[in-house]
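[1] Could you work out the structure for the sequence below:
(one chain, ligands or ions: 1)
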Amino acid sequence: MKVGNRAYRSVWAEGPRGPLHVIDQTRLPHAFETRHLDSPEAVAEAIRAMRVRGAPLIGVTGAFGLALAMDRDPSNAGLAASVKRLAQTRPTAVNLAWALERVRAKLERLGPAERAAAAWAEAHALADEDVAINAAIGRHGLPLLRGLHQRLKRPVNVLTHCNAGWIATVDWGTALSPIYQAHDAGVPVHVWVDETRPRNQGLLTAWELASHGVAHTLIADNAGGHLMQQGRVDLVIVGADRVTRRGDVCNKIGTYLKALAARDNGVPFYVAVPTPTFDWLANDALADIPIEERSGEEVRVVRGLDDAGRPGSIAIASDVTPVANPAFDVTPAALVTGIVTERGLFEANEARLASLRPSRS
Ligand code: MRU
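    Residues are numbered from 1 along each chain as shown. As a prediction, the model looks like this:
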């Protein structure tokens, strides 16, 4: 996608073996800054601190981190330790473990001297695949928006939660990909953007949509149910960090409440995911998916610009107030109207999703 006149990916390596760059998402929406990551430690820090975030993007960035680690120590012990360290940076999005495992499986078959070049090549391949996958998700999701527009004969009102846009992937996004493609195809779309406390990823979504010229309105998280009752939401679409084989969806905290409100109001609730977001081994979503618990400071402290336009932060809760900050929740498959993947639109149930399952898992 373009920022100004320049096309960007959200992670890129300048040459076959780096240097590696990312967009620092902690600086958005107020400043657009890129960052050079020159070591596996820098990659781990960027993922943990959410400079890069979004399930597909942390998978690809983690793979590049493993390539940087192989430049330094391609031994068997080095490989095992680096995979472990990078995988621990964020526990919920299965894409990270999936991408690291894919690179590891390639490298294991090679001698140490060949590993660094192979790791870089595989990370580049993962990045290119992610772009193609997300473009395909957009193509499969576009008919949902076009169909609604043809039926309603007015702009389609979509609600989304968190940021599943191009900066949460290498390009295009998942939930936002059909929106971008609808907009580009002349289907009028307006997006209700959930603020998504406490990290406010909705601000990233608003920034993306504004850059692309898509009509949107930022709302407080609690406004969605009210808008649905008023008939002002035609469709909800979100991304996911992990989807079970039964179609249960783990995504940003607050997604579940939107799905409940959507069901109560007869609003279709779609989830857009690349197939690497499926965890075919998770049985019971509530028991088997690790839900990241992040620092209470994210709830206690709000960051932004002061009256003079300077970046800063203010505490909104007392230091002594106990805070909990679970970062993800689970939406049961029964509340999901459909799952848009790069291979088409699927009902959220085990029988329908079975054809997406890779034969080895
Ligand atoms: O904590 P984040 O910002 O990494 O969480 C992101 C989400 O929950 C997204 O909806 C999900 O990763 C899909 S991104 C295409």
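[2] only C-alpha atoms for contact and neighbour calcs from this point on.
    Fine.
[3] Quick check: closest non-adjacent residue to I237.
    The shortest distance from I237 to any non-neighbouring residue, by CA to CA, 6 or more residues apart in numbering, is to Y270 (4.7 Å).
[4] Run through who's touching the helix or strand harbouring the one you found.
    Following DSSP states H and E, one finds Y270 within strand 269-272. Among residues not part of strand 269-272, those counted as contacts by CA atoms under 8 Å, 6 or more residues apart in numbering are 137, 174-175, 235-240, 259, 262-263, 335-341.
[5] returning to what we had before: burial of the residue nearest to I237, as a residue count?
    Using other CA atoms under 10 Å, Y270 is surrounded by 26 other residues.
[6] and if you look at P74?
    Burial of P74 is recorded as 23 neighbouring residues (other CA under 10 Å).
[7] Number the chain from 779, please
    Sure thing, new numbering starts at 779, so read that last one as P852.
[8] Run through the residues that contact it.
    890-891, 893-894.
[9] hmm, 6 Å instead?
    Neighbour list for P852: P890 [criterion: CA atoms under 6 Å, 6 or more residues apart in numbering].
[10] Just the pLDDT at it, thanks.
    At P852, the model reports a pLDDT of 98.
[11] What values do phi and psi take at it?
    phi -90, psi 10 (degrees, to the nearest 10).
[12] now it: how far from R795?
    Using CA to CA, to the nearest Å, we find P852 at a distance of 14 Å from R795.
[13] out of the contacts of strand 1047-1050, which touch the ligand?
    Among those, the ones lying near the ligand by CA under 6 Å from any ligand atom are 952, 1017-1018.
[14] what residues does the stretch 779-928 of the chain put near the ligand?
    Going by CA under 6 Å from any ligand atom, the residues of the stretch 779-928 of the chain near the ligand are 831-834.
[15] Which members of the residues you listed occur in helices, if any?
    Members of these lying in helices (criterion: DSSP state H): 833-834.
[16] Out of the residues of the stretch 779-928 of the chain next to the ligand, grab the one that's most surrounded.
    P834 (35 neighbours).
[17] Which pLDDT value belongs to the nearest residue to that residue once chain neighbours are set aside?
    What sits nearest to P834 in space, not counting adjacent residues and going by CA to CA, 6+ apart, is T947, at 4.9 Å. Model confidence at T947, given as pLDDT, is 98.
[18] go on, S1139?
    Note on S1139: pLDDT of 50.
[19] Please report phi then psi for the residue in the stretch 1029-1139 of the chain that the ligand sits nearest to.
    Per CA to the nearest ligand atom, K1030 is where the stretch 1029-1139 of the chain lies closest to the ligand, at 3.7 Å. Backbone geometry at K1030, expressed as degrees, to the nearest 10, gives phi -50, psi 140.
[20] That one: what's it in contact with?
    Residues in contact with K1030 (CA under 6 Å, 6+ apart) are F1106.
[21] beta partners for it?
    Applying DSSP bridges to K1030 gives these bridge partners: F1106.
[22] all helices of the protein, in order?
    818-826, 833-850, 854-865, 872-886, 890-930, 954-962, 979-990, 1002-1007, 1033-1042, 1063-1066, 1075-1078, 1128-1131.
[23] Enumerate the residues of the stretch 929-1078 of the chain near the ligand.
    Applying CA under 6 Å from any ligand atom, we find that the stretch 929-1078 of the chain lies next to the ligand at 940-942, 946-947, 951-952, 1017-1019, 1029-1030.
[24] switch the cut-off to 8 Å
    Residues of the stretch 929-1078 of the chain lying near the ligand by CA under 8 Å from any ligand atom: 939-944, 946-947, 951-953, 977, 979, 1016-1019, 1029-1031, 1050-1051.
[25] Of those residues, keep whichever come out buried.
    By neighbour count, with 16 or more other CA atoms under 10 Å, those hold 939-944, 946-947, 951-953, 977, 979, 1016-1019, 1029-1031, 1050-1051 as buried.
[26] which stretches of the chain aren't confidently modelled?
    When residues are selected by pLDDT under 70, those of the chain lie in 1138-1139.
[27] Domain ranges for it, per the record?
    Here the domain parsing of the chain from automatic domain parsing is 780-908, 916-1134.
[28] Can you give the distance of the shortest one from its chain's centre?
    Averaging C-alpha coordinates over domain 780-908 and over its chain gives two centres that are 15 Å apart (CA atoms, centre = their mean, to the nearest Å).
[29] again, but for the longest one
    Taking CA atoms, centre = their mean, the mean C-alpha location of domain 916-1134 is offset from the chain mean by 9 Å.
[30] Kindly check the end-to-end length of that domain for me.
    Across domain 916-1134, first to last residue, CA to CA, it's 18 Å.
[31] Repeat that for the shortest one.
    Using CA to CA, the span of domain 780-908 from its first residue to its last is 17 Å.
[32] which residues sit in contact with S1091?
    1080-1081.
[33] Report the beta-bridge partners for it.
    R1081.
[34] ok, G889 - how many residues close by?
    Neighbours of G889 using other CA under 10 Å come to 11.
[35] Contacts only, for it.
    When contacts are counted by CA under 6 Å, 6+ apart, G889 touches no other residue.
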